[in-house]
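Q: Build the 3D model from these lines:
(one chain, ligands or ions: 1)
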Amino acid sequence: MTRPRRNRRTAAIRGMVRETHITTDNLIYPLFLVDGKGVKDEIKSLPGNFRWSLDKLLPEVEECMELGLRNFVVFPAVPEELKDKTATYSYAADNFYLEAARVFKEKFPESTLISDVAMDPYSSDGHDGLVESGRILNDETLPILAKMSVAQAQAGFDIIAPSDMMDGRVGAIREALDAAGYIETAIMAYTAKYASAFYGPFRDALDSAPKAGDKKTYQMNPANRMEGLREAMLDEEEGADYLMVKPALNYLDVIALLKENTTLPIAAYHVSGECAMLIAACQNGWLDFEQAMPETLLSIRRAGADVILTYFAKEYARLAQGLEVSL
Ligand code: PBG
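A: Numbers count the residues shown, from 1 in each chain. Next up is the predicted model:
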């Protein structure tokens, strides 16, 4: 009789036939940065995650590096008074986010530092593109994104990650980076980014929710799968070095689809709302964090993600080393 259970009999056998592995190499840790000093401000809708000022962030990053976690994506929380319609602060000479990147890379040259390119953290309208009479202008947004990207490359970011979903932005950014001499700076494109209800805690962290309307004219419809493939083909053609699917858990089919149709590495963003759901259930004692969290990350990787952006990166690294985790 054929008995699949033979291959599950002992821990050693299960280890031998295990198909999916995750190491800290596969994880990217998202961090929120604020200007100032001495700030470590917990995000209420994402417990265990903070808005950090740089002086507090650096020791945190050092701890992560000691755990083997080397890849970070940093998002700026910009004070309202620095926001305007055209996101000029995003490339301002005294921008604290760009300044922080310089210090970060100087202190941790062996880290991977990933940026976020979109207008929303800097926009008084809270949209990823330029707003005119309630419409999001595509082509007029591209030069702003390109300028922001060059400023970030100049500050030392290793990978530029456009999350705005404007058409043609990967090509525009690649061209601008190359023209400025940043031929080694890579682009991680938010390729299939959906207009999702799961970004709430992130928008709380950055105070970046749209002031009017929603993001449905640029972020994708959650009902669509093939459109994700179309976006992937375009981003690849335009010169992306990584393709991202976002969110992750509700879109595992899209991760699998893209993985089968490209030779580029696939990133998946396990977004704030997805992490918040799990945290809430675990804090209520309804789920066991030490079991449910790794199973969750495993499912994203099994679907085809090479790298996962997750707010659980540090907890995963701690768990993998047999250290205590905080939930
Ligand atoms: C900004 C951006 C968002 C996220 C990453 N970059 C929010 C949005 O598009 O509204 C969401 C990440 C998360 O929820 O963890 N363009």
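
Q: From now on I want contacts and neighbour counts done on CA atoms only, so please keep to that.
A: Noted.

Q: could you pull out the helices for the chain?
A: For the chain, the helices defined by DSSP state H cover 11-16, 54-66, 96-107, 142-155, 169-179, 200-206, 226-238, 252-260, 272-283, 289-303, 313-320.

Q: Show me where the stretch 1-150 of the chain dips below the pLDDT cut-off.
A: For the stretch 1-150 of the chain, applying pLDDT under 70 flags no range at all.

Q: Pull the contacting residues for the residue of it found nearest the ligand.
A: The minimum distance from the stretch 1-150 of the chain to the ligand, using Cα to the nearest ligand atom, falls at residue 118 (5.2 Å). Contact analysis of residue 118 by Cα atoms under 8 Å, 6 or more residues apart in numbering lists 128, 129, 145, 162, 163, 164.

Q: Residue 173 now?
A: 142, 145, 146, 149, 150.

Q: For the stretch 101-250 of the chain, which residue gets nearest to the ligand?
A: For the stretch 101-250 of the chain, Cα to the nearest ligand atom, closest residue to the ligand: residue 199, 3.4 Å.

Q: So that residue sits against residue 271, correct?
A: Yes. Between residue 199 and residue 271 there is a contact under Cα atoms under 8 Å: 6.5 Å.

Q: So for these two, which residue has more residues nearby?
A: Per other Cα atoms under 10 Å, whichever of residue 199 and residue 271 has more neighbours is residue 271, with 23 against 16.

Q: Return the residues of the protein in contact with the ligand.
A: For the chain, the contact set with the ligand under Cα under 6 Å from any ligand atom comprises 118, 120, 128, 163, 164, 198, 199, 202, 271, 272.

Q: Can I get the helices of the chain in JSON lines including distance to residue 189?
A: JSON lines is the format used below for the helices of the chain (distance: least, Cα to Cα, whole Å):
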{"stretch": "helix 11-16", "distance to residue 189": "34"}
{"stretch": "helix 54-66", "distance to residue 189": "24"}
{"stretch": "helix 96-107", "distance to residue 189": "20"}
{"stretch": "helix 142-155", "distance to residue 189": "12"}
{"stretch": "helix 169-179", "distance to residue 189": "7"}
{"stretch": "helix 200-206", "distance to residue 189": "19"}
{"stretch": "helix 226-238", "distance to residue 189": "7"}
{"stretch": "helix 252-260", "distance to residue 189": "13"}
{"stretch": "helix 272-283", "distance to residue 189": "18"}
{"stretch": "helix 289-303", "distance to residue 189": "18"}
{"stretch": "helix 313-320", "distance to residue 189": "20"}
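
Q: most neighbours per residue, which of the ones you listed?
A: helix 142-155 (a mean of 22; mean count of other Cα atoms under 10 Å).

Q: what's next to that helix, contact-wise?
A: 86-87, 90-91, 98-99, 101-102, 115, 117-119, 159-160, 162, 166, 168-169, 172-173, 176-177, 180, 182, 185.

Q: CA atoms only: put that helix into CSV for me.
A: Extracted C-alpha coordinates of helix 142-155, given in CSV (Å, rounded to 0.1, in the frame of the first residue of the first chain):
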residue,chain,number,x,y,z
LEU,A,142,6.5,60.6,-13.2
PRO,A,143,9.1,63.4,-13.0
ILE,A,144,8.4,63.8,-9.3
LEU,A,145,8.9,60.1,-8.7
ALA,A,146,12.1,60.2,-10.8
LYS,A,147,13.5,63.1,-8.8
MET,A,148,12.6,61.5,-5.5
SER,A,149,14.4,58.2,-6.7
VAL,A,150,17.6,60.0,-7.7
ALA,A,151,17.7,61.8,-4.3
GLN,A,152,17.3,58.5,-2.6
ALA,A,153,20.0,56.8,-4.6
GLN,A,154,22.3,59.7,-3.9
ALA,A,155,21.5,59.3,-0.2
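
Q: Report the spatially closest residue to residue 84, excluding sequence-adjacent ones.
A: Nearest residue to residue 84, sequence neighbours excluded (Cα to Cα, 6 or more residues apart in numbering): residue 124, at 4.7 Å.
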